[in-house]
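Asker: When you get a sec, could you give me coordinates for this:
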Amino acid sequence: MKDLFFLVFIAYVMLLGLRRPFLWVLLYIYIDILSPQRIGYSIITSLPLSLIAFAAAFGGWLAIDRKDGARFTFRQGLMLCLLLYCWWTTGNADFPEEALTKWDWVWKALLFAIFLPLTLTTRARIEGLALSLVLSVAMIVIATGLKVVTGGGGYGELNFFVDDNSGIYESSTLATVAIGLIPLLWWLVKHGTVFPRHWTVTLFAAALTFAALLVPIGTEARTGLLCIAALAVLLLRYSNRRLLFIAGAGMLGLAALPFLPQSYYDRMATIAEPGGDESASTRVAVWNWTLQYVQTKPLGGGFDAYRSNKFTYTMPVKKTDGNTTTIEYTEVEDKARAYHSSVFEMLGEQGWPGLGMWLLLHLAGLWQMERVQRRWKKAADEETTRWIAPLAAALQMGAVIYLVGALFQGIAYQPVMLMLVGLQTALHTYCLRIDSARATLERSASRKAAVDGQMHGAVAA
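Answerer: This next block holds a predicted model:
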């Protein structure tokens, strides 16, 4: 029954896309995030749904969709350079077979992010993509929040729609994405036109925000706690009553403490003392190994180059005998441990050139969104443009939260976040197009006024 529901829904959207091909772009986002082919049990598991939607989105835009206002920008060119560089490093990878496995989905994520801004040429399309992005993630977040409330959670113990610790279904990744999309959710509440502002929409957004905040708690993802802290700090910039905001956030945090399990406290304590946790200790060791690795291979070793690492580190082990607790330091040997950081993931796999392109891509996005905010904050009184500055602020906050989470996870090519990059690029291009059109109108009006003035002077003479 579940397979039938998914197949009927997908087939229906495919038919609608014959008249509105942009719907195929939204369908791909839905399939790529939710992965219905991994949720089902029978025929749907054997269908290449993601590839079908991917081909439909590209083919529909090329053959049917209008292309007015489509521009190729600097950030799209940067992603194209990164895509080509990843292709080159994959061909020269330390582990060719494993590198090809990762390349199979990375190229698609990067190519779609390059393509996405070309389709987002109107406000309706920009909002439609933002809404599809939020609601697709919301399906996983809501289910996770319900499981946390009704059955608790735990690190590595909370199952989502699929029992597969990859993609957005990885606990720390889901925590980062859930927190990072909260600002975009509230932009939709205040400025969305698909679901106009109403108390039911606000109530749903509040419940979804609560569920998103439960994800780091239920999964006991330390990165999620850092992302919540980053969100709180970022919101201070837009708060008119900062002291009241700080006091309210502190009171909510204190009120939640009695309801948190002891396992959550124990895991969060390792943030301050990483040496006492095996996972945190191996991260530091892998980062040190990566820095040494790129000294001999500055261009990187291709995808999954971490498989060649091997190192030893010292771990404190607590032993309790009655009322006496002793700590013994044990040397642990480990190998083939993942980077657990997007910065070191890019550095180890793509070397200094790849890391430079990745950092420039995201820093340019933060700078562009800051410029858009400052430019369009002045147009807040205009009905047609008052939505622009708040959207730029939401996308900027989402990008910062992603970068905070990426410091401790290997999510450099996370498709959801690359879609966010595409949305940022589209908004920046949209604003440039409006400014260009307004400048053209002003020049035309000035020329017309000059001509009228000359004619009036001639008549008077």
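Asker: How about the secondary structure of D104?
Answerer: helix (DSSP: H, G, I helix; E, B strand; the rest coil).
Asker: Please apply the same query to D334.
Answerer: Relying on three-state DSSP, one would call D334 strand.
Asker: bridging residues for it?
Answerer: Judged by DSSP bridges, the bridge partners of D334 are F311.
Asker: per-residue confidence at it?
Answerer: Looking at D334, its pLDDT is 76.
Asker: Identify the residues contacting it.
Answerer: Counting by Cβ atoms under 8 Å, 6 or more residues apart in numbering, D334 makes contact with T282, A285, K310, F311, T312, Y313. Quick note: C-beta positions are derived from backbone N, CA and C, even for glycine.
Asker: Pull the contacting residues for the closest residue to the third one other than its chain neighbours.
Answerer: The one in question is K310. Spatially, and ignoring its direct neighbours in sequence, K310 is nearest to K335 (4.0 Å; Cβ to Cβ, 6 or more residues apart in numbering). K335 sits next to N309, K310, F311 when contact means Cβ under 8 Å, 6+ apart.
Asker: ok, K335 to T89 distance?
Answerer: 22 Å (Cβ to Cβ, to the nearest Å).
Asker: Any idea how many residues pack against Y41?
Answerer: Residues contacting Y41 under the criterion other Cβ atoms under 10 Å number 9.
Asker: That one - that's part of a helix, no?
Answerer: No. Remark: Y41 does not belong to a helix; assigned using three-state DSSP, it is coil.
Asker: And the pLDDT at it?
Answerer: Confidence score, pLDDT, at Y41: 74.
Asker: and the residue nearest to it when sequence neighbours are not counted, how many residues sit next to it?
Answerer: Spatial nearest neighbour of Y41, excluding adjacent residues (Cβ to Cβ, 6+ apart): D3 at 6.3 Å. D3 has 17 neighbouring residues, counting by other Cβ under 10 Å.
Asker: Make 19 the starting number, not 1.
Answerer: Renumbered: residue one is now 19, and that last one reads D21.
Asker: Next, D21: secondary structure please.
Answerer: helix.
Asker: One more: the one 4 residues further on?
Answerer: Using three-state DSSP, the three-state assignment for L25 comes out as helix.
Asker: Give the next helix or strand downstream of the helix or strand of the chain with the lowest mean pLDDT.
Answerer: Sorting the helices and strands of the chain by mean pLDDT, DSSP states H and E puts helix 280-287 at the bottom, at a mean of 54. Beyond helix 280-287 on the C-terminal side, the first helix or strand identified by DSSP states H and E is helix 296-314.
Asker: which other helices and strands contact that next one?
Answerer: strand 328-339, strand 342-353, helix 360-394 (3 or more Cβ pairs under 8 Å, 6 or more residues apart in numbering; DSSP states H and E).
Asker: helices or strands up against the next helix-or-strand element following the last one?
Answerer: Sequence-wise, the next helix or strand beyond helix 360-394 is helix 406-424, with elements assigned using DSSP H and E. Judged by 3+ Cβ pairs under 8 Å, 6+ apart, the packing partners of helix 406-424 are helix 189-198, helix 200-209, helix 240-255, helix 360-394, helix 433-478.
Asker: Going by neighbour count, list what's buried in the third one.
Answerer: Of the residues in helix 240-255, those scored as buried under the neighbour-count criterion (16 or more other Cβ atoms under 10 Å) are R240, T241, G242, L243, L244, C245, I246, A248, L249, L252.
Asker: Quick check: the first one vs A247, distance?
Answerer: Just to be clear, that refers to R240. The gap separating R240 from A247 is 11 Å, by Cβ to Cβ.
Asker: Give me the common contacts of those two.
Answerer: Common neighbours of R240 and A247 (Cβ under 8 Å, 6+ apart) do not exist.
Asker: correct me, but T107 touches P316?
Answerer: No. When contacts are counted by Cβ atoms under 8 Å, T107 is not listed as touching P316 (11.8 Å).
Asker: So for A131, what's the nearest residue that isn't a sequence neighbour?
Answerer: Using Cβ to Cβ, 6+ apart, the closest residue to A131 is L436 (3.8 Å).
Asker: ok, that neighbour - contacts?
Answerer: M97, A127, L128, F130, A131 are the contacts of L436 under Cβ under 8 Å, 6+ apart.
Asker: and what of P54?
Answerer: P54 neighbours (Cβ under 8 Å, 6+ apart): F24, I28, I62, L67.
Asker: Just the buried ones among these, please.
Answerer: Buried, going by 16+ other Cβ under 10 Å: F24, I28, I62, L67, out of the contacts of P54.
Asker: now, which of those residues lie within strands?
Answerer: Using DSSP state E, no member of the buried ones among the contacts of P54 sits in strands.
Asker: how about those in TSV, adding distance to H358?
Answerer: Shown next, in TSV, are the buried ones among the contacts of P54 (distance: Cβ to Cβ, whole Å):
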residue	distance to H358
F24	33
I28	35
I62	33
L67	30
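Asker: Low-confidence regions, the stretch 169-318 of the chain specifically.
Answerer: Residues of the stretch 169-318 of the chain meeting the criterion pLDDT under 70: 169-184, 260, 263, 266-299.
Asker: again, only this time at 50
Answerer: Along the stretch 169-318 of the chain, the parts satisfying pLDDT under 50 run over 283, 293.
Asker: Give the buried residues for stretch 416-425.
Answerer: Neighbour-count burial for stretch 416-425 flags G416, A417, V418, I419, Y420, L421, V422, G423, A424 (criterion: 16+ other Cβ under 10 Å).
Asker: now stretch 88-107
Answerer: For stretch 88-107, using 16+ other Cβ under 10 Å, the buried residues are A88, T91, R93, Q94, L96, M97, L100, L101, Y103, C104, T107.
Asker: Of the helices and strands packed on helix 296-314, which stretch is the most buried?
Answerer: helix 360-394 (a mean of 20; mean count of other Cβ atoms under 10 Å).
Asker: Can you give me the neighbour number for T119?
Answerer: There are 12 residues near T119, going by other Cβ under 10 Å.
Asker: what sits against it?
Answerer: With Cβ under 8 Å, 6+ apart, T119 has these contacts: F321, D322.
Asker: Keeping just the C-alphas, turn the host helix or strand of it into PDB.
Answerer: Following DSSP H and E, one finds T119 within helix 114-137. Extracted C-alpha coordinates of helix 114-137, given in PDB (Å, rounded to 0.1, in the frame of the first residue of the first chain):
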ATOM      1  CA  PRO A 114      39.400   3.900  -7.400                       C
ATOM      2  CA  GLU A 115      36.400   1.600  -6.700                       C
ATOM      3  CA  GLU A 116      35.400   3.400  -3.500                       C
ATOM      4  CA  ALA A 117      35.900   6.800  -5.200                       C
ATOM      5  CA  LEU A 118      33.500   5.900  -8.000                       C
ATOM      6  CA  THR A 119      30.800   4.900  -5.500                       C
ATOM      7  CA  LYS A 120      30.900   8.400  -3.900                       C
ATOM      8  CA  TRP A 121      31.300  10.100  -7.300                       C
ATOM      9  CA  ASP A 122      28.000   8.400  -8.500                       C
ATOM     10  CA  TRP A 123      26.000  10.800  -6.200                       C
ATOM     11  CA  VAL A 124      28.300  13.700  -5.800                       C
ATOM     12  CA  TRP A 125      28.300  14.700  -9.500                       C
ATOM     13  CA  LYS A 126      24.500  14.600  -9.500                       C
ATOM     14  CA  ALA A 127      24.300  16.800  -6.400                       C
ATOM     15  CA  LEU A 128      26.800  19.400  -7.800                       C
ATOM     16  CA  LEU A 129      25.200  19.400 -11.300                       C
ATOM     17  CA  PHE A 130      21.700  19.900  -9.900                       C
ATOM     18  CA  ALA A 131      22.900  22.800  -7.700                       C
ATOM     19  CA  ILE A 132      24.500  24.400 -10.800                       C
ATOM     20  CA  PHE A 133      21.300  23.900 -12.800                       C
ATOM     21  CA  LEU A 134      18.800  24.900 -10.100                       C
ATOM     22  CA  PRO A 135      19.300  28.800 -10.300                       C
ATOM     23  CA  LEU A 136      18.500  28.600 -14.100                       C
ATOM     24  CA  THR A 137      14.900  27.500 -13.200                       C
END
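Asker: Cool, thanks, signing off.
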